[in-house]
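K.L.:
Below is the structure, and that's it, no one-letter string:
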Ligand code: ADP
């Protein structure tokens, strides 16, 4: 036991026992090397605690546990309805522990508590329940060929799946990956991001109680370059699913080639939000705000590039600025009125500040923010919501992903220009467009190069609808029925029924 748990009191007064170990075979254990990583509260820059960090040797042990559990019929060959029941039970336990999970998420990540509680934990339970329901609805096909032959397909789990998740939605990203992998009978080694190691460890405490056999779900913390890379390169891992930056996604793709792993990648974006002059401007303003300022702007599909048609440009900019200043209340994430907490780490805080300087030196017009927000306690990684206008296509702030409460606005003349400029990016995750003209809406939606298009909304994601990107925003889809494809093989069986040959 000893140092595998630490008693903590969160800033909202909640006392709880925080696990610190690596979760392997349904038990918490120390890392072989004894190495740890430190987790910091981004609101006051104080260390919360340290947790054990996996090295290559720990990764080997976790993968071996997942392999053993995959070979064991108690999971893979479990009646699919019973497998669904285990996932339902897991969702129920998460629901029962939602306040503590939300507390840890907010403390470690900085997102407002009410967002953690209602959005993130809500997303976790709805995702796990959604895939619990799919467990006994995964079918192959019988394919009609000739009377002398029976051909059918079996949908089989892939095997041991490594899942590497980011820090912006730690619990929700864990659920997006665990749900489809587990309902289809795979076993998992999941690695959390080193910036936010705490909430998934608490989630791990619910795994055994839910009834998952040992080794089915293993949860590690550790640095990307060590534990993450060890998973991506592992010869006994069948699949790697990753959410994070495009640069790291490319690294993982290379490493996954060692044994030709199945891959799903969800990476970066610079998603456009296009406002036509016939749009309902009120709606456009509200969604444009959510589209970039939600979650401190730390959303891969954030609509961070706003394109507005000339005739309504000035009006949109004025109304958008007013709405942002009024709504994006920056403050203590444990206070109910806070819309925006701190950036997750000092590194992200510095990154956003550096882009602010870039925007100024590139000659864009800064109309809001552009500096740290110091009024919370004088400490913490808070940034004032930042808006640049008169941004042109060659500027770095127009082309590169910033990942903060930072938005650029530019104007366009025609529909053709809007589409061309929306697509003038190496990314292709989301795109939003605002118009009251139904024909134009669907025409533009078709022409936009993105995995997801929102008409008259932004970032309106739903567990039942596929999520993912094209171009350098990723490969494969998560969520919805499409999310199951990422975790199953189709095995074809040919049965000779006659006396052919
Ligand atoms: P960011 O740059 O925003 O921190 P990353 O893409 O680097 O995002 O990180 C997302 C996840 O990928 C984290 O869990 C991190 O530990 C992991 N990671 C980072 N670098 C590597 C790597 N070289 N190999 C495998 N995983 C990595």
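P.N.:
Looks like it arrived, so ask away. Source: prediction; values computed, not measured.
K.L.:
is stretch 46-63 anywhere near the ligand?
P.N.:
No - if you take CB under 6 Å from any ligand atom as the test, stretch 46-63 misses the ligand, and the best it gets is 10.3 Å. (C-beta placed from N, C-alpha, C; glycine too.)
K.L.:
any idea of the mean pLDDT in that stretch?
P.N.:
Averaged over stretch 46-63, pLDDT sits at 98.
K.L.:
mind starting the numbering at 430 from now?
P.N.:
Yes, from this point I'll number from 430; that puts the last item at stretch 475-492.
K.L.:
end-to-end on that stretch?
P.N.:
Start-to-end span of stretch 475-492 (CA to CA, to the nearest Å) is 34 Å.
K.L.:
Can you give me the buried ones in that stretch?
P.N.:
Buried residues in stretch 475-492, counted by 16 or more other CB atoms under 10 Å: 477-485, 487-488, 490-492.
K.L.:
same question, stretch 729-745
P.N.:
By neighbour count on 16+ other CB under 10 Å, the buried set for stretch 729-745 is 729-738, 741-742, 745.
K.L.:
how about the helices in the stretch 680-829 of the chain?
P.N.:
Applying DSSP state H, counting those that start in this stretch to the stretch 680-829 of the chain gives helices spanning 710-722, 739-756, 775-791, 825-828.
K.L.:
quick check: angle from the longest one to helix 710-722?
P.N.:
Angle between the axes of helix 739-756 and helix 710-722 is 60 degrees (criterion: axes from the mean of the first three to the mean of the last three CA atoms, to 10 degrees).
K.L.:
Quick one: residues in contact with helix 739-756.
P.N.:
Residues from elsewhere that reach helix 739-756 (CB atoms under 8 Å, 6 or more residues apart in numbering): 704, 706, 708, 710-711, 713-715, 717-718, 722, 735, 737, 768, 796-797, 814, 816, 818, 838, 840-842.
K.L.:
near the ligand, which of these show up?
P.N.:
Counting by CB under 6 Å from any ligand atom, no member of these reaches the ligand.
K.L.:
Mind putting the buried residues of stretch 729-745 into TSV with pLDDT?
P.N.:
Converted to TSV, these look like this (pLDDT from 0 to 100):
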residue	pLDDT
729	98
730	98
731	98
732	98
733	98
734	98
735	98
736	98
737	98
738	98
741	98
742	98
745	98
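K.L.:
Can you pull the residues of the protein lying near the ligand?
P.N.:
Counting by CB under 6 Å from any ligand atom, the residues of the chain near the ligand are 593-595, 620, 622-623, 653-654, 657-658, 661, 673-674, 677, 680-681.
K.L.:
show me where pLDDT drops low in the chain?
P.N.:
430 (pLDDT under 70).
K.L.:
for the stretch 530-679 of the chain, what spans make up the strands?
P.N.:
For the stretch 530-679 of the chain, applying DSSP state E, counting those that start in this stretch gives strands covering 571-575, 578-586, 589-593, 616-620, 646-649, 668-672.
K.L.:
Could you dump these into a markdown table and include mean neighbour count?
P.N.:
A markdown table is the format used below for the strands of the stretch 530-679 of the chain (neighbours: other CB atoms under 10 Å):
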| stretch | mean neighbour count |
| --- | --- |
| strand 571-575 | 11 |
| strand 578-586 | 16 |
| strand 589-593 | 28 |
| strand 616-620 | 28 |
| strand 646-649 | 30 |
| strand 668-672 | 25 |
